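One predicted model, sequence on top.
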Amino acid sequence: MDELDALSIRDLRAVIALAERLHFGRAAEDLSIAQPSLSAAVRKVEEVLGERLFERTSRHVSLTPAGQGAVRRIRSALEEIAEIGRGAGKALLTGRFRLGLVPTIGPYYAPRFLARLREQYPSLELVLTEALTEGLLQMLRQRSLDAAVVCLPTGERGLTETPLFREPFVLAVPAHHPLAAMAEIDLGQLEPREMLLMERGHCLREQILETCGATPESALSPLQAASVETLRHLVAAGNGCAMVPRMTLVSGADCSGLVRYVPFREPAPGRTVGFVFHERCPRMEDAIELAGFLRGLQQTSRAAD
């Protein structure tokens with residue numbers, strides 16, 4: 001025990017960061033420390049435990065069998081320490097909280113909750129990150145994000161997923177298109193060759209392909225967009241039609257009258273927007289609090305409608 005007293009929480013976090021990244025440079029970057037400091041901390045833990053936790057070569061880092069067991073115990077110890085801090089009467093959602101959002105949600109959903117969130121949690125420093133779903137999931141695995149708003153289900157093990165709301169799609173069509181005058185449409189009325197998609201990696205792309213019963217090899221339009229706004233302008237230019245989430249129908253979405261939005265007959269196709277965090281999130285109670293706030297805000301909004 002006397003030898004263990006020489007270890008700091010920072011030393012233990014260095015081991016966990018390296019175990020998750022298996023790369024000294026990236027682990028040091030996650031902890032915002034220099035690589036030599038990370039190496040020294042890991043060596044210190046190995047010396048105190050009397051075991052080699054990592055195999056190191058010039059190109060590869062891997063956990064030893066002893067390291068795997070030690071990492072489980074260290075992670076558990078750090079979580080217990082975090083629980084002690086949270087149980088000391090500290091208010092929830094204070095300080096820095098890192099939230100990720102996918103590009104087809106962030107610009108349209110964040111304005112709905114930011115002002116209310118700041119009003120209710122004035123001590124919260126919310127740091128927003130926008131990235132594709134896979135990038136956000138990777139950051140959650142690495143603990144460089146505390147939580148994210150994405151489309152569900154993610155299919156990712158180790159995540160707690162909380163549905164926030166179900167959102168229908170609408171069809172964006174050029175103003176001169178035959179479907180533009182219709183009050184509602186069915187999926188069977190879509191012409192695959194006219195359908196515009198997001199670029200690969202966007203969850204909205206996969207959702208539209210699934211909704212249409214199409215595959216990437218189907219006879220869809222070859223034009224692709226990197227954002228919903230580009231998708232909208234492709235439609236305005238008469239290049240085809242596109243399914244877009246209803247939340248994207250913001251001011252100016254009609255592109256000066258060049259785009260019409262036609263709803264689908266019920267049950268309308270759509271997506272489930274949800275809040276996710278890792279089961280080993282160091283700010284789990286804050287994440288649960290934020291998920292509850294967002295769900296409550298959505299229910300209040302529905303009641304007002």
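Here it is on my side, so go on. Residues are numbered from 1 along each chain as shown.

quick one, phi psi at the nearest residue to residue 60 once chain neighbours are set aside?
Distances taken as CB to CB, 6 or more residues apart in numbering put residue 22 closest to residue 60, at 8.0 Å, once the chain neighbours are dropped. C-beta coordinates here come from the backbone N, C-alpha and C atoms, glycine included. Backbone geometry at residue 22, expressed as degrees, to the nearest 10, gives phi 50, psi 40.

Also the one 5 residues further on?
When read as degrees, to the nearest 10, the backbone of residue 27 gives phi -60, psi -40.

what's the neighbour count on it?
By the criterion of other CB atoms under 10 Å, residue 27 has 25 neighbours.

Could I get the buried residue list for stretch 21-39?
For stretch 21-39, the neighbour count (16 or more other CB atoms under 10 Å) marks 21, 24, 26, 27, 28, 29, 30, 31, 33, 38, 39 as buried.

Those in helices, which ones?
Secondary structure assignment (DSSP state H) places 21, 24, 26, 27, 28, 29, 30, 31, 38, 39 from the buried residues of stretch 21-39 within helices.

Residue 284 reaches residue 159, doesn't it?
No: the criterion here is CB atoms under 8 Å, and residue 284 misses it with residue 159 at 11.9 Å.

Contact partners for residue 33?
residue 14 (CB atoms under 8 Å, 6 or more residues apart in numbering).

for the stretch 1-150 of the chain, what spans make up the strands?
54-56, 61-63, 95-101, 124-130, 147-152 (DSSP state E, counting those that start in this stretch).

Only C-alpha atoms, please: export stretch 54-73 in CSV.
Coordinates of the C-alpha atoms in stretch 54-73 are reproduced here as CSV (Å, rounded to 0.1, in the frame of the first residue of the first chain):
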residue,chain,number,x,y,z
PHE,A,54,1.9,-2.9,-22.2
GLU,A,55,3.9,-4.5,-25.0
ARG,A,56,5.7,-1.7,-26.9
THR,A,57,7.3,-1.9,-30.3
SER,A,58,8.2,0.9,-32.7
ARG,A,59,4.9,0.4,-34.5
HIS,A,60,2.6,-1.2,-32.1
VAL,A,61,1.2,-1.0,-28.5
SER,A,62,-0.8,-3.7,-27.0
LEU,A,63,-2.1,-4.7,-23.5
THR,A,64,-0.4,-7.7,-21.8
PRO,A,65,-2.7,-10.2,-20.0
ALA,A,66,-1.6,-8.6,-16.7
GLY,A,67,-2.4,-5.2,-18.3
GLN,A,68,-5.9,-6.2,-19.2
GLY,A,69,-6.7,-7.2,-15.6
ALA,A,70,-5.0,-4.0,-14.2
VAL,A,71,-6.9,-1.8,-16.6
ARG,A,72,-10.3,-3.3,-15.4
ARG,A,73,-9.3,-2.6,-11.8
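
what's the offset of it from the middle of its chain?
Centre-to-centre, stretch 54-73 and its host chain are 28 Å apart (CA atoms, centre = their mean, to the nearest Å).

same thing with stretch 34-53?
Centroid separation for stretch 34-53 versus its chain: 32 Å, with CA atoms, centre = their mean.
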